[in-house]
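Asker: Sequence and computational prediction follow.
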Amino acid sequence: MIITFYGVRGSTAVPGPQTVKYGGNTSCVHIELDNGHDLILDAGTGIRLLGQKLAKKPTPINIMLSHRHWDHIQGYPFFAPIYQQDRDINVFVNVESGHQFLSSMFAQMDGTNFPVKAEDLPSNNMLRFKGIESELYERTGTTVIKENLNHPGGGVAYKLTENTVSCAYVTDNELDPPYVAKTNYDQWVKYLYRVDVLIHDAQYTEADMPHKHGWGHSLISQVRQLATDAEVGALVMFHHDPDRSDSQLDEIQIENASYLKSHRAPTQSVCAAEGMQIHLSKPVMGGDTRIEISQI
């Protein structure tokens, strides 16, 4: 499994001199499975560059949306494969309370907010509202387990396993919300226990509170503790605040290393950056998953 980050910011895209190192595009993560299939987690502005790569491949594309907030869907109209004739694109959307969670990803392409209408796209865009677990397994051989996010408007986390290596995508999640949590802390620890890679929302610092308590995002310190308690292989802090500069994220990296060392945790931790790539593989003779993190 190869995980590549194309967009790592939350709330809004922030290009500029203060975000060159970690990037300013909003949420988009590409997972290339061992069998060659492609999974995309969210369709923020980062999906535009990913589209240039995938436009060169003929294989079907599977997109999994965590939720429908703007920063997670706004890049889709600029995703090159949707303009390819008969290209198969499957978009999986959560179902809440028995009702279809309508995707604003297509609604934004209405001829007014965007000049091209969704119904005029030459590709085969299939909205799939249920059966994500069984459909993705049949299509890609990937096991998917969902969990409810603590976020205004709702949303879902995904835990993906292929050939015994695993990755969890938990963005826009508040670990200690002031409202009734859909998934409590102990449930998160159980859900994420010993996952190889945890990609988790880490948008806020203690200085951001209490003003932003209830906005649906986690404290960096809370996410470090969760990764330690769940004994994950590697923690990737994701969905950076748009006001967080490269130098501030560098400081957080240093804090992470110090925290994990002092707590004797098995976890390694990095702040997500555009172009960061994680290779997951099992040693031939067995043992723990090999986790290699690099910048492409």
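Answerer: Noted; the coordinates are in hand. As the structure is a computational prediction, the values presented were derived from the model and not from experiment.

Asker: where does the stretch 1-150 of the chain have low pLDDT?
Answerer: 95-103, 130 (pLDDT under 70).

Asker: in it, which spans are strands?
Answerer: All strands of the stretch 1-150 of the chain, identified by DSSP state E, counting those that start in this stretch, fall at 2-7, 28-32, 38-41, 61-64, 88-92, 95-96, 99-100, 124-128, 143-148.

Asker: Rebuild the ones you listed as TSV, extending it with distance to Lys212 and mean neighbour count.
Answerer: Any C-beta I mention is one placed from the backbone N, CA and C, and that applies to glycine too. Below are the strands of the stretch 1-150 of the chain laid out as TSV (distance: least, CB to CB, whole Å; neighbours: other CB atoms under 10 Å):
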stretch	distance to Lys212	mean neighbour count
strand 2-7	21	24
strand 28-32	23	24
strand 38-41	24	24
strand 61-64	27	24
strand 88-92	29	20
strand 95-96	24	14
strand 99-100	29	10
strand 124-128	32	16
strand 143-148	21	16
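
Asker: Select, out of those strands, the one closest to Gly287.
Answerer: Nearest of the strands of the stretch 1-150 of the chain to Gly287, taken as CB to CB: strand 2-7 at 19.9 Å.

Asker: now the strands of the stretch 1-150 of the chain in CSV, with distance to His240?
Answerer: Putting the strands of the stretch 1-150 of the chain into CSV (distance: least, CB to CB, whole Å) gives the following:
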stretch, distance to His240
strand 2-7, 10
strand 28-32, 14
strand 38-41, 16
strand 61-64, 21
strand 88-92, 25
strand 95-96, 27
strand 99-100, 31
strand 124-128, 30
strand 143-148, 22
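
Asker: Out of the ones you listed, flag the one nearest Pro266.
Answerer: So among the strands of the stretch 1-150 of the chain, strand 2-7 is nearest, using CB to CB, at 19.2 Å.

Asker: pretty sure Pro266 contacts Gly233?
Answerer: Yes. Between Pro266 and Gly233 there is a contact under CB atoms under 8 Å: 7.4 Å.

Asker: The stretch 1-150 of the chain: helices as residue ranges?
Answerer: 47-54, 104-107, 132-140 (DSSP state H, counting those that start in this stretch).

Asker: list the contacts for the spatially closest residue to Gln203 that is not a sequence neighbour?
Answerer: Counting by CB to CB, 6 or more residues apart in numbering, Gln203 lies nearest to His217, which is 3.8 Å off, once chain neighbours are set aside. Neighbouring residues of His217 by CB atoms under 8 Å, 6 or more residues apart in numbering: 10, 151, 172-174, 201, 203-204, 239.

Asker: so what's His217 scoring on pLDDT?
Answerer: pLDDT, His217: 97.

Asker: Assign it to helix, strand or coil.
Answerer: Put simply, His217 is coil when judged by DSSP: H, G, I helix; E, B strand; the rest coil.

Asker: Relative to Ile254, how far out is it?
Answerer: 22 Å (CB to CB, to the nearest Å).

Asker: His200 too?
Answerer: 19 Å.

Asker: and if you look at Ile132?
Answerer: 38 Å.

Asker: Counting neighbours, go ahead and name the busier of the two.
Answerer: Taking neighbours as other CB atoms under 10 Å, Ile132 and Ile254 compare with Ile132 leading, 20 against 9.
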